[in-house]
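Participant: Pasting the sequence and the predicted coordinates here, then a few questions.
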Amino acid sequence: MEYKSYNNRNNWLWIVLMLVLFLFGFRIFFVILGLIFAFFPLLIFIFIASSIFNIITKNNNIYSYMNTQSPQHNHFVELLTRISAQLINVDGKVETVEIQTFKNFFQTKLNFSNSALLWVEDLLRSELKKEHSLEELSQEINNQFSSELKLVMLELLYQIAHSDFEFHAKEEEFLNKVVKLLGISSEDQQTVYNRHSGTSSASSSGNGQYYKVLGLAEGASQEEIKKAYRELVKKFHPDVVAHLGEEFRRLSEAKMKEITQAYEKLKV
């Protein structure tokens, strides 16, 4: 059994501590306060200088990358980012999954990394805060880029629209307007839509994914399969985008491989 202790040792210890604080505590306090006031401006300066240095380094890396690409390549990426930002903003809210889908397109389809990826991420952040006339943007695209490159744009836009597994009415309205302004045929729009919508995802024959690649409904005839294949080969041939640089050429080659594989699986 333990009994309550009436030893005053602890009480005397508290008195000693209070005397030390009374005699030296204020001095220590003012010394610490002085050090804070002395070094705080320096810490602020170091933080600001470090931030500016990081921005300079990032900008230099992006600038160096852009100088290795053609003006057409850079302008196409800027326009693609600008129209993507408009789609992301169209329903009044910016979804994280839409941002990630945009980023994944450049990472996986165009093999963007490091400075290139920093560039498109910075572009998107900037464009999400701006408003542009879709009509003027579409006219600029029409004046400078081929119908095949417009389909590359449409592919990304439909990926973004379906990234949250909900195809909103405002997104559909926006995409229909883009298709009309860019002069994309309804057949090409339907082909792209079929690839990214939920249609034909469940396939009794196991070939649903291949019909999707060709933009066809499951069970399409051999004639329809051959026609779709020939048209897609023309539109996505690597020579069509060669002037935009190696990244877009690789994208086209991967697309051609996917199209050819689908055709080989479906042809009789």
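Facilitator: Done, it's in.
Participant: quick one: low-confidence parts of this protein?
Facilitator: 1-8, 20-26, 29, 198-206, 268 (pLDDT under 70).
Participant: give me that answer again for 80
Facilitator: 1-38, 195-209, 235-252, 268 (pLDDT under 80).
Participant: nearest residue to the residue most central in space within the chain other than its sequence neighbours?
Facilitator: By Cα atoms, centre = their mean, the chain has its centre lying nearest to Lys103, at 2.4 Å. Residue nearest to Lys103 in three dimensions, not counting chain neighbours: Glu121, with 6.6 Å by Cβ to Cβ, 6 or more residues apart in numbering. Every C-beta, even on glycine, is put in place using the N, C-alpha and C of the backbone.
Participant: again, but for Met256
Facilitator: Phe236 (5.6 Å).
Participant: now the helices: where do they sit in the chain?
Facilitator: Counting by DSSP state H, one finds helices in the chain at the ranges 9-20, 26-67, 71-89, 96-104, 114-127, 134-144, 147-161, 169-182, 186-196, 208-213, 222-235, 238-241, 246-266.
Participant: Was I right to think the residue nearest to the centre of the chain contacts Trp119?
Facilitator: No - using Cβ atoms under 8 Å, Lys103 is not in contact with Trp119; the gap is 11.6 Å.
Participant: number of nearby residues for Asn207?
Facilitator: 15 (other Cβ atoms under 10 Å).
Participant: That one and Lys265 touch, don't they?
Facilitator: Yes - using Cβ under 8 Å, Asn207 is in contact with Lys265, at 6.2 Å.
Participant: contacting residues around the nearest residue to Gly183 once chain neighbours are set aside?
Facilitator: Leaving aside its chain neighbours, Gly183 sits nearest to Asn142 (6.8 Å; criterion: Cβ to Cβ, 6+ apart). Residues counted as contacts of Asn142 (Cβ atoms under 8 Å, 6 or more residues apart in numbering) are Leu181, Leu182, Gly183.
Participant: cool, Ile259 as well?
Facilitator: For Ile259, the contact set (Cβ under 8 Å, 6+ apart) comprises Val213, Leu214, Tyr229, Leu232, Val233, Phe236.
Participant: And for the fifth one, the neighbour number?
Facilitator: The one in question is Val233. If you count neighbours by other Cβ under 10 Å, Val233 ends up with 14.
Participant: Can you tell me how far it is from Thr260?
Facilitator: Val233 sits 8 Å away from Thr260, going by Cβ to Cβ, to the nearest Å.
Participant: Ok, the last one next?
Facilitator: As for Phe236, its distance to Thr260 is 10 Å (criterion: Cβ to Cβ).
Participant: higher neighbour count, those two?
Facilitator: Neighbours per residue (other Cβ under 10 Å) separate Phe236 from Thr260, with Phe236 holding more: 21 against 14.
Participant: Touching, that one and Ser252? I think so.
Facilitator: Yes - contact criterion Cβ under 8 Å: Phe236 and Ser252 qualify, at 5.4 Å.
Participant: before we move on, back to that, please report how far the residue nearest to Met256 lies from Thr108.
Facilitator: 16 Å.
Participant: Ok, Lys58 next?
Facilitator: In this view, Lys58 and Thr108 are 23 Å apart by Cβ to Cβ.
Participant: Of those two, which one has the most company?
Facilitator: Lys58 (14 against 11).
Participant: got the contact list for the more buried one?
Facilitator: Leu118, Asp122.
Participant: again with Ile225
Facilitator: Neighbouring residues of Ile225 by Cβ under 8 Å, 6+ apart: Leu214, Leu216, Tyr263, Leu266, Lys267.
Participant: now it: how far from His162?
Facilitator: Between Ile225 and His162 the distance, using Cβ to Cβ, works out to 24 Å.
Participant: and if you look at Leu216?
Facilitator: Where His162 is concerned, Leu216 sits at a distance of 18 Å (Cβ to Cβ).
Participant: Who has more neighbours out of those two?
Facilitator: Leu216 (23 against 18).
Participant: list the contacts for the more buried one?
Facilitator: Thr191, Asn194, Glu224, Ile225, Ala228.
Participant: if you set the cut-off to 6 Å instead, what comes out?
Facilitator: Contacts for Leu216 (Cβ atoms under 6 Å, 6 or more residues apart in numbering) come out as Ala228.
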